[in-house]
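Asker: can you look at this prediction? I've put the sequence above it.
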Amino acid sequence: MIRKDIQFDKKGRLRHFLTTEGISRPLITDILDYAENFASVVNKPVKKAPLLRGKTIANLFFEASTRTRTTFELAAKRLSADVININIQTSATKKGESLLDMLRNLEAMHTDMFIVRHMTSGAAHFIAEHVAPHISVINAGDGSHAHPTQAMLDMFTIRRHKPDFTALRVAIVGDIMHSRVARSQIHALNILGVPDVRVIGPHTLIPPHVENMGVHVFHQVEQGLRDADVIIMLRLQRERMQGALLPSEAEYFANYGLTPDKLALAKPDAIVMHPGPINRGVEIDSTVADGPQSVILEQVTNGLAVRMAIMAMVLGRTSDEEVAS
Amino acid sequence: MIRKDIQFDKKGRLRHFLTTEGISRPLITDILDYAENFASVVNKPVKKAPLLRGKTIANLFFEASTRTRTTFELAAKRLSADVININIQTSATKKGESLLDMLRNLEAMHTDMFIVRHMTSGAAHFIAEHVAPHISVINAGDGSHAHPTQAMLDMFTIRRHKPDFTALRVAIVGDIMHSRVARSQIHALNILGVPDVRVIGPHTLIPPHVENMGVHVFHQVEQGLRDADVIIMLRLQRERMQGALLPSEAEYFANYGLTPDKLALAKPDAIVMHPGPINRGVEIDSTVADGPQSVILEQVTNGLAVRMAIMAMVLGRTSDEEVAS
Amino acid sequence: MIRKDIQFDKKGRLRHFLTTEGISRPLITDILDYAENFASVVNKPVKKAPLLRGKTIANLFFEASTRTRTTFELAAKRLSADVININIQTSATKKGESLLDMLRNLEAMHTDMFIVRHMTSGAAHFIAEHVAPHISVINAGDGSHAHPTQAMLDMFTIRRHKPDFTALRVAIVGDIMHSRVARSQIHALNILGVPDVRVIGPHTLIPPHVENMGVHVFHQVEQGLRDADVIIMLRLQRERMQGALLPSEAEYFANYGLTPDKLALAKPDAIVMHPGPINRGVEIDSTVADGPQSVILEQVTNGLAVRMAIMAMVLGRTSDEEVAS
C-alpha cells in the first residue's frame, strides 16, 4: 500500500504532490485559491514571478510527454526557476546506474524538485520515499495510478464555472480502467463534497468494485449524462483496440463519443472537459470539442496557473527549512 | 494563392514575418535600421536586452535545423525571452493530435510567438492564418517558398558593404529552383530597388518564367558574374544529384563552383555571400570561402541582430494590444 | 605532441582549461580557493551569481554524457549565463559541414565558451587551437586523454578532508589504461606534491611505462591499498570484458572490487572516491559506496562549485579583453 502521509512534512505542510487521495478539503481550496494569483500573472505583459529564482527543477520523464513536460517547464520558468530536462533514455541509467544512484547524484547537484513521469504506478511515491530531505517530488503521472496536477487543474476549471461543488453532478466518460486522470479526479471530487460522481463506459473499461471509490457506474452513456453539470471525456488510448477490450473506434464513438445529441441530455449549462490530447471523432465530436460548452483550452491555460501554485507552495516550504538549517 | 496582407495587423503594423514578398521598402529599411541597434548589443560584454522579458517563444521545427534553431534561440534569450523547443517528432501529433489542436494548446499556454520551420511551402502562412490574435508567427523556412529572416540578414550584410542598393548588380548562383533563400532574396532586392538581379545556374535548376520575378537569367556563370557587386552562392543539396537534375559534384563545381578565377570576373570589391552550411569544393572553393571578399561569417553574426530586431518589432506591437485589452 | 602553453593567454592568465598536465601549483590552489566561494553559493536559498550574465556557453557533446552535461549546464545557469546545447548528431556536420566550419559559425554567433566532450584524445586541444581569440574552451573529457575538471573537483574534495597534500598516500584502482580521469588526477596530485601516488590494477589495464608519470604500480590491491589516505576507484567500462582484457565481472570484483575487508587495509580515516556512475558489485561494494568513508556524493556537489569557478575564472579574463577591444 502507498503511504498517504508521505506528502507532508513534520509540520503538516505540503512537501510532495503525489496524489489527490487522502488530502484535505482545505488544502485543495488553498491550492485553488493560490492558483488564482498565478492565473492573473500569465495574463500580464511580463508573465514572470521571482518566487523560485535560484531554485533548480529537474524534469525526469521516463515516459515521453511533450505537452505535460512543456507546461511544467513553462510554469517553472515563469516562476524564474532554472529547469534541467533529463532525457532518461540517454542518461547514465543506460550505463547500468541504478535509479536511486541517479537520484542521489541529482540531489548532490542541489536540485530542489523532481517532476516525475513514469509508466509504472507508484514510481513517484517510490522516488519521494527515497529522496533527500531538501527535495520535493511532483507526480506528473504514474502508470494508471495518479495524475494529481491534472486533477487539480480540472477542479480549478470546474470551480470557475460552478463554484459550489456540493451541488454538482459530474460524469466521467471513457476508459476509467486505465485512467490515472480519472482516479485523481474522483478522489478530488469526493473530497470537495460533490454528491454525484458518475463513471460511464463499457464493462471492459470500468474497473471492478469502482463503486467503493464513491462513484455511480453507468454503462449507457444516455443515462449517465442525464442532468450532468460537468462532463469529463477521457482520451481513448488506441492500443486498447488491439487489446480486444474494444470492438472498433467507430463503434466506440457511436456508443460513447460525445455528440451534440448526447450533450443535450446534460444540463443546458453543462461544461465539457477533456485532459487532452483529444481524438476527434473517437471520444468526442468536433462540434462539441470546439463548441460553446467546451472548456478544454481553458483547462490548458489553468494548468499553468495551478502548476505554478503547487510548485511555489511546495518549494516555499522547503526554502524556510533551508534558511533555518 | 497566399495572402500577403496577413503579415500586418489592422493598424498596418508588422504582426507576422512570413515572406519578403509584397512588403514595402520603408519597412525593410526600418527593420535594417532597428537591427543596427542589436548589432551593437551583441558586442557588449553583457549581450542582453530586456525587451522580451516575460514573453514565451516556441520553436516549432518540423524540419531539423540546428543552426537556424540555435540563432533564433540565442536571439530570443538575448532579448530575455523564455524559449520552449517543441520536438515535433516526439510530440502529441504522433498520438494523433492534429496540428491545429497542438497550436491551440500552445496558445492556451500563453506563448507569444511561434518560430516555424516546415518542409512544406505555405506551412507558416497556414499557421499564421489560424493562430489566436495575440500570437505572432515567424517563418524560419517553408519548403522551397520563403526564408525571409535569411533574406533580411542578407540585405543587412549587403547594406553594410554597399549602402546604395540602387547602384548594385547582384548575382545569385546555384539551385534557384529549390531555394527558398533565393526567392526571399529576389523579392527583397527588387523592393530595395536593385536594378540588376541575376540568377545563374543550369537549365534544370532555374525555374521556368523566373524572369517574371524581375531577374535576368544566365546559364554561363562567366557571363553572369561579370561586374557583379554582390555574389550569393547557394548551397547545393546533394540529393539533387540522385534526382538526375545534375551530373556530378565535380562537374557542378567545374561549371558553377566559385573559384578565384571566376570571382575575378566580378568587380574587384565584390562581396561573396552564402547562407550556409557551405559545401567546400562543391559550390565554393575554400580559397574564396575563407578569402578577403567573403562575408559569410558576417552573415551569421548579422543573423542574430536581424532576428532580434524582427522578434522585438513584432512582439513590441502585440504587447501594446495586450496591455490595452 | 600537445602544446601545454595553449591554455594561457599572453598575459599568462588561464584562457582554456584542457588538461591538468603542466599547470602550476599556485594556479591549482587559486582555482580550489575560488571554488570555495561557489561551494557556499550553492547552499544559499538563491543559488545564483550574476558573474556570467550575458555570456553564452555552448555545450558541444560529441560523446553523450547526461551527467557531465547537466553539471556544466547547472554551473552555467547558476552563473546566470545562457546555455545552448548543440546536439552534434543532428547538426549540420551531418549535412557535410566540417567541424571547423561549425565552430566558425558558433563563434560568429558570439558564443563565449565551448564545453567540449569528444571520444578522441586531443579533440579539445584541436578546437582550442582553432577558435577565435574571444572564445574559451573547456575540456569535458577527450578520449582516454584528460578530464581536467573532474580532477580538479577531486582535488577540491581531497583538500576538504586532507588539507596537506604533501603528507598523502593516494591509491587509484582499476582501469588506468583507458582512464582520462586517472591521467588528469595523477598530474594534479604530482603538482600538488603528493609524495606517494599509486596505481593499482591488472597487467592488462595498466599502461606500460606509467611509472614515468610519477606513480608506483601495484597489481595486488591488498598491497596497494595499505595505509592509503585516499582511495579513488575507477569505473570499469563493461566493454573491456568483451575486449578480452578481463575474465569476468565476478573475478574482477573478487580481485579489485573495494569491499569492507580491503578498505580496512587503508588508514582508518581514509576517504573513498569514485567519479561515477558507479557499478555496484563490480568495482565497489554497496557497503563501501554508501558507507561513512565514502565521499562520492560530495564529489558531485563539489563538481558544481569547481566548474563554476573555472568557468568564471576563464571568462572573467576574456571579458577584460573584450571591454578593452
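Answerer: Thanks, I have the structure now.

Asker: run through the residues of the stretch 51-200 of chain A sitting next to chain B.
Answerer: Remark: the part of the stretch 51-200 of chain A in contact with chain B comprises A:Ala64, A:Thr66, A:Arg67, A:Thr70, A:Thr71, A:Glu73, A:Leu74, A:Lys77, A:Arg78, using CB under 8 Å from any CB of the partner chain. For glycine as for every other residue, the C-beta is placed from the backbone atoms N, C-alpha and C.

Asker: so who does the last one touch?
Answerer: Going back to what we said before, that points to A:Arg78. By CB atoms under 8 Å, 6 or more residues apart in numbering or on different chains, the contact set of A:Arg78 is A:Phe38, A:Val41, A:Val42, A:Lys47, A:Lys48, A:Ala49, A:Leu304, A:Met308, B:Gly54, B:Asp82.

Asker: tell me, how many residues neighbour the nearest residue to the fourth one once chain neighbours are set aside?
Answerer: With sequence-adjacent residues excluded and distances taken as CB to CB, 6 or more residues apart in numbering or on different chains, A:Lys47 is closest to B:Gly54, at 4.6 Å. When neighbours are counted by other CB atoms under 10 Å in any protein chain shown, B:Gly54 registers 20.

Asker: just A:Thr29 next, same as before
Answerer: A:Thr29 is flanked by 15 other residues according to other CB under 10 Å.

Asker: per-residue confidence for it?
Answerer: The pLDDT attached to A:Thr29 in the predicted structure is 97.

Asker: ok, the one 10 residues further on next?
Answerer: The predicted local distance difference test score for A:Ala39 is 91.

Asker: which non-adjacent residue is nearest it?
Answerer: A:Ala39's closest residue in space is A:Ala305 (CB to CB, 6+ apart), at 4.0 Å.

Asker: chain C versus that neighbour, what's the distance?
Answerer: Summarising the geometry, the distance separating A:Ala305 from chain C, computed by CB to the nearest CB, to the nearest Å, is 24 Å.

Asker: A:Phe218 now?
Answerer: In this structure, A:Phe218 and chain C are separated by 47 Å, where distance is defined by CB to the nearest CB.

Asker: swap in A:Pro148?
Answerer: Using CB to the nearest CB, one obtains 26 Å as the distance from A:Pro148 to chain C.

Asker: past the helix or strand of chain A with the lowest mean pLDDT, which element shows up next along the chain?
Answerer: Every helix and strand in chain A was compared by mean pLDDT, DSSP states H and E; the lowest is helix A:239-242, with a mean of 64. Reading on from helix A:239-242 to the C-terminus, the next helix or strand found by DSSP states H and E is helix A:249-256.

Asker: give the buried residues for the next helix or strand along the chain from that next one.
Answerer: The first helix or strand that comes after helix A:249-256 along the chain, using DSSP H and E, is helix A:260-263. For helix A:260-263, the buried set under the neighbour-count rule, 16 or more other CB atoms under 10 Å in any protein chain shown, comprises A:Lys262, A:Leu263.

Asker: what lies in contact with helix A:260-263?
Answerer: Contact with helix A:260-263 is made by A:Val221, A:Glu222, A:Leu225, A:Ile231, A:Ala270, A:Val272, A:Asp285, A:Thr287, A:Val288, A:Gly291, A:Gln293, as judged by CB under 8 Å, 6+ apart.

Asker: what mean pLDDT does stretch A:45-53 have?
Answerer: Per-region confidence: stretch A:45-53 scores 85 on mean pLDDT.

Asker: A:Asp83 belongs to a helix?
Answerer: For residue A:83 the amino acid is Val, not Asp. No - remark: A:Val83 does not belong to a helix; assigned using DSSP: H, G, I helix; E, B strand; the rest coil, it is strand.

Asker: number of residues surrounding the nearest residue to it once chain neighbours are set aside?
Answerer: Using CB to CB, 6+ apart and skipping residues adjacent in sequence, the residue nearest A:Val83 is A:Ala76, 4.8 Å away. Residues near A:Ala76, counting by other CB under 10 Å, number 26.

Asker: which element is A:Ala76 on?
Answerer: With the criterion set as DSSP H and E, the secondary-structure element containing A:Ala76 is helix A:66-78.

Asker: pLDDT averaged over that helix - what is it?
Answerer: For helix A:66-78, the mean pLDDT works out to 92.

Asker: please apply the same query to stretch A:8-24.
Answerer: Taken as a whole, stretch A:8-24 carries a mean pLDDT of 93.

Asker: give me the residues contacting it.
Answerer: With CB under 8 Å, 6+ apart as the contact definition, stretch A:8-24 has outside contacts at A:2, A:4, A:6-7, A:27-28, A:124-125, A:128, A:136-139, A:145-146, A:148-149, A:151-152, A:183-185, A:187-188, A:191, A:310, A:313-314, A:317-318, A:321.

Asker: just the buried residues of the residues you listed.
Answerer: Neighbour counting with 16+ other CB under 10 Å marks A:2, A:7, A:27-28, A:124-125, A:128, A:136-139, A:145-146, A:148-149, A:151-152, A:183-185, A:187-188, A:191, A:310, A:313-314, A:317-318 as buried within these.

Asker: mind listing what the closest residue to A:Glu222 other than its chain neighbours touches?
Answerer: Leaving aside its chain neighbours, A:Glu222 sits nearest to A:Leu265 (6.0 Å; criterion: CB to CB, 6+ apart). Shown here is A:Leu265, whose contacts under the criterion CB under 8 Å, 6+ apart are A:Glu222, A:Leu225, A:Arg226, A:Asp227, A:Ala228.

Asker: which residue, neighbours along the chain excluded, lies closest to the second one?
Answerer: Once flanking residues are discounted, A:Leu225 sits nearest to A:Leu265: 4.6 Å by CB to CB, 6+ apart.

Asker: repeat for the third one
Answerer: In space, A:Arg226 comes closest to A:Leu265 once its chain neighbours are excluded; the distance is 5.2 Å by CB to CB, 6+ apart.

Asker: same check on A:Ser184?
Answerer: Distances taken as CB to CB, 6+ apart put A:Ala151 closest to A:Ser184, at 3.5 Å, once the chain neighbours are dropped.

Asker: tell me the angle the helix or strand harbouring the one you found makes with helix A:66-78.
Answerer: Assigned by DSSP H and E, A:Ala151 belongs to helix A:148-161. Calculated by axes from the mean of the first three to the mean of the last three CA atoms, to 10 degrees, helix A:148-161 forms an angle of 80 degrees with helix A:66-78.

Asker: quick one, strands of the stretch 1-150 of chain A?
Answerer: Listed in chain order, the strands of the stretch 1-150 of chain A (DSSP state E, counting those that start in this stretch) span A:56-61, A:82-87, A:113-118, A:136-142.

Asker: sheet partners, orientation included, of the second one?
Answerer: If I follow you right, that is strand A:82-87. Each strand that strand A:82-87 pairs with, and the sense of that pairing, follows from DSSP bridges: strand A:56-61 (parallel).
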